[in-house]
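**Student:** Sequence unavailable; structure follows:
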């Protein structure tokens, strides 16, 4: 009996051991396959991320066992590449067990290859959908501006997340419906940093800067994109100084800027003519990978030229290895604005030789170059060749250049014919440009025509009233000047005050005409009084035509002496070391008397003086100006 039990026990033990070994082998094999699949999936994913689809395919084809993740990885590689739709579709149909991710990849593939309407057809046929499926379609609709379709989908969604709300807010901002964006933002039960940033961008886009600031300060988490949105918003809304301050705060908090940050900051430096800060930003660029970024270096080129430093602008242009059309435009525009028309046109010819195709902005720069050097007939040739030879449609900016060009040259009738021949409704600035030319040539009849048209298009335009009043004042028609001023008051039109500024040791000093606020005004007036005596001895005669007030000649002379650009230059003479150019910037055009006076000052003081007004740069040296008195 004992022997029987022993034998039975031994048999059972033997059987159990055999089963255990078999089971262990199966588990080990399964685990090995599983590990191999995971490892292969990682390799495929890495190849796909790096753009090496061929290597990813080789790994895929060598796999004996594939998971749905494997199929999805290789499917995503084809779905992303344009022109591979058919290959992606065939691959999708071979997936043994497609999941929601598989369908979402194909949904995005339909959208990118055939547009949102075809994607909708695939979406409606999908047997399984998750929140990502709905978000993909809603994002597609918002990106092409079909907000009504996006809203209808949004309202029937079974579930929403932060991505959904962000897409809706961003979509409404992009299509200009700020009220709907605000409604959506405050209705959102959950808001990601993307949602907050989209709303801040919307407020900035519509000039609601204070509301954008409030949201920014309320945010707990801010990304670089958020900082960029506020900095760019400040600059776009004429508050460049606030933008530059915020940029400094961003750096202090340890956030590293990218090319978009630096582009906005450099634009702010250009607006403020803050050359010293611009140079500091240049150092930041040099210490980062952005030194090889064409966009960042192009922004530096533009900043230097707009701050009056054409030498550094050109040196950067020469060094940049890969120039795009924006780079060429920046340098051509720089030369044009500084009155170096021949250099600008030579660079345009070089651009064409390099087989770089010009765009509409290039031709604005080319026409400006002709304008600032009085090359009227050549400008007409360029204007005609733009459409004929390059297929570039004319824009209001091109016509504004041509009207200005013809007007400055005294060909006012041709300028009017140019306006009448425009293929679109004239912009108010077109008539403002014509009005400025009428003032130069003292053509009262044409000035009244231009002002009438300007004020019909924009009754709130201070330019129309002021320029016409200036034409009347130049001809001593003070009763008409008084009538214009009364009309401005009745229509609540406020003239932007003229002012000039100069940067000294990173501090911007502002001056208004007859300034009474600057702390060093006594020293400035003493300097100007001494200069006035020397200038008169050298032959300077104040041009009283530019003292636009009905007062005596002595008072007019004093008003002219206290023009904002003269105050800024006198301050520069006191503070800027010898050998360093004095750079002054003005928010309006430099007046004729100041232009004449600065030529005398440059000769008497032996200084180079660079003045930027709203039209161009003037480089004064040894009694001459780079514009050759044509501006």
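**Tutor:** Looks like it came in fine. Please read these numbers as outputs of a predicted model, since none were measured by experiment. Numbers count the residues shown, from 1 in each chain.

**Student:** what's in contact with the helix or strand where residue 112 lies?
**Tutor:** Element membership for residue 112 (DSSP states H and E) is helix 100-114. For helix 100-114, the surrounding residues in contact (CB atoms under 8 Å, 6 or more residues apart in numbering) are 68, 71-72, 75-76, 78-80, 82, 85, 88-89, 92, 95, 118-119, 121-123, 126-130, 132-133, 136-137, 140. To be clear about C-beta, it is placed using only N, CA and C from the backbone, and glycine gets the same treatment.

**Student:** Any chance of a ChimeraX selection covering the buried ones in those?
**Tutor:** ChimeraX command restricting these to the buried ones, with burial defined by 16 or more other CB atoms under 10 Å:
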select :71,72,75,76,78,79,80,85,88,89,92,95,119,122,123,129,132,133,136,137,140
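
**Student:** The contacts of helix 100-114 in helices, which ones?
**Tutor:** Using DSSP state H, the members of the contacts of helix 100-114 that fall within helices are 68, 71-72, 75-76, 78-80, 85, 88-89, 92, 118-119, 121-123, 132-133, 136-137, 140.

**Student:** average model confidence for stretch 299-319?
**Tutor:** For stretch 299-319, mean pLDDT is 91.

**Student:** and the end-to-end length of that stretch?
**Tutor:** One end of stretch 299-319 sits 14 Å from the other (CA to CA, to the nearest Å).

**Student:** Same question for stretch 138-148.
**Tutor:** 10 Å.

**Student:** Could you do stretch 453-467 as well?
**Tutor:** Start-to-end, stretch 453-467 (CA to CA) is 13 Å.

**Student:** Equivalent analysis for stretch 499-512, please.
**Tutor:** 4 Å.

**Student:** For the helix holding residue 112, buried residues please.
**Tutor:** 101-113.

**Student:** now the spatially closest residue to residue 306 that is not a sequence neighbour, what's its secondary structure?
**Tutor:** Once flanking residues are discounted, residue 306 sits nearest to residue 270: 3.8 Å by CB to CB, 6 or more residues apart in numbering. Following DSSP: H, G, I helix; E, B strand; the rest coil, residue 270 is assigned to helix.

**Student:** Mind listing residues that contact the helix or strand where residue 266 lies?
**Tutor:** Assessed by DSSP H and E, residue 266 sits inside helix 259-272. For helix 259-272, contacts defined as CB under 8 Å, 6+ apart pick out 224, 227-228, 231-232, 234-235, 238, 240-241, 243-244, 247, 250, 257, 274-275, 277-278, 281, 284-285, 290, 293, 295-296, 299-300, 302-303, 306-307, 501, 503, 508.

**Student:** cool, and stretch 70-80?
**Tutor:** For stretch 70-80, using CB under 8 Å, 6+ apart, the contacting residues are 37, 40-41, 44-45, 48, 53, 56-57, 60, 63, 84, 87-88, 91-92, 94-96, 98-99, 101-102, 105-106, 108-109, 112.

**Student:** Ok, stretch 359-375 next?
**Tutor:** 325-326, 328-329, 332-333, 335-337, 339-342, 344-345, 348, 351, 358, 376, 378-379, 382-383, 386, 390, 392-393, 395, 397-398, 401-402, 404-405, 408-409, 616, 627, 630-631.

**Student:** how about 7 Å then?
**Tutor:** 325, 328-329, 332-333, 335-337, 339, 341, 344-345, 348, 378-379, 382-383, 386, 392, 395, 397-398, 401-402, 404-405, 408-409, 616, 627, 630 (CB atoms under 7 Å, 6 or more residues apart in numbering).
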